[in-house]
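[1] Model the following, please.
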Amino acid sequence: MPPIQEKRKYVRVKPLENDPVEIHLMGTALLDVLHASDISMGGVGIVAPNHFDEWDMNETVEILVALPGDLADFMAKGVIKQIGKKSKESGIYGVQFTAMGPKGKQDLQVYVNRMVRQGRVLN
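    Sure, this is the predicted structure:
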């Protein structure tokens, strides 16, 4: 029997701890700066404090993604597709990108490629 193939459409990478990808979230009632736990061309995993309990599945959010180094920040729209495990302090939210400009796509692809070269790919 052949091995089970990964169902993800995009390669996910884990940002460096000392060079994080910052996510500035703008939802219906909040604006906060968080860090990406992982990112791909299709979306981002966000570590958020528990005061984000008011977020709902399929809620649309606007985010500013601040890539480290020489890459430009970009705006994107997304939909909350996953609410992961929560502890007393934080939870993980999965946001699927629904809209992003061409420069943002280009810079995000450059960032993902850099992280792939550094062995930061997640399964």
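
[2] Could you give the bridge partners of Gly91?
    Per DSSP bridges, the residues bridged to Gly91 are Ala48, Lys86.

[3] There's contact between it and Ser37 in this structure, I believe.
    No: judged on CB atoms under 8 Å, Gly91 makes no contact with Ser37 at a distance of 10.6 Å. Quick note: C-beta positions are derived from backbone N, CA and C, even for glycine.

[4] Neighbour count for these two, which is higher?
    Ser37 (22 against 17; other CB atoms under 10 Å).

[5] In what element of secondary structure is Gln106 found?
    helix 102-117 (DSSP states H and E).

[6] How far does that helix sit from its chain's centre?
    13 Å (CA atoms, centre = their mean, to the nearest Å).

[7] residue ranges with poor pLDDT in this protein?
    Flagging of the chain using pLDDT under 70 yields the residue ranges 1-8, 26-31, 50-55, 85-89.

[8] Spatially central residue (nearest the centroid) of it, please.
    Val44 (1.7 Å; CA atoms, centre = their mean).

[9] just the CA coordinates of the helix or strand hosting that one, formatted as PDB?
    If you go by DSSP H and E, Val44 is part of strand 43-49. Provided in PDB are the C-alpha atoms of strand 43-49 (Å, rounded to 0.1, in the frame of the first residue of the first chain):
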ATOM      1  CA  GLY A  43      -2.500  30.600   5.400                       C
ATOM      2  CA  VAL A  44      -1.000  31.100   8.800                       C
ATOM      3  CA  GLY A  45      -1.100  29.500  12.200                       C
ATOM      4  CA  ILE A  46      -1.400  32.200  14.900                       C
ATOM      5  CA  VAL A  47      -0.500  31.800  18.600                       C
ATOM      6  CA  ALA A  48      -3.100  34.000  20.500                       C
ATOM      7  CA  PRO A  49      -3.800  34.700  24.100                       C
END
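
[10] Val95 should be in a strand, yeah?
    Yes: assessed with DSSP: H, G, I helix; E, B strand; the rest coil, Val95 lies in a strand.

[11] so how many other residues sit close to it?
    With other CB under 10 Å as criterion, Val95 counts 26.
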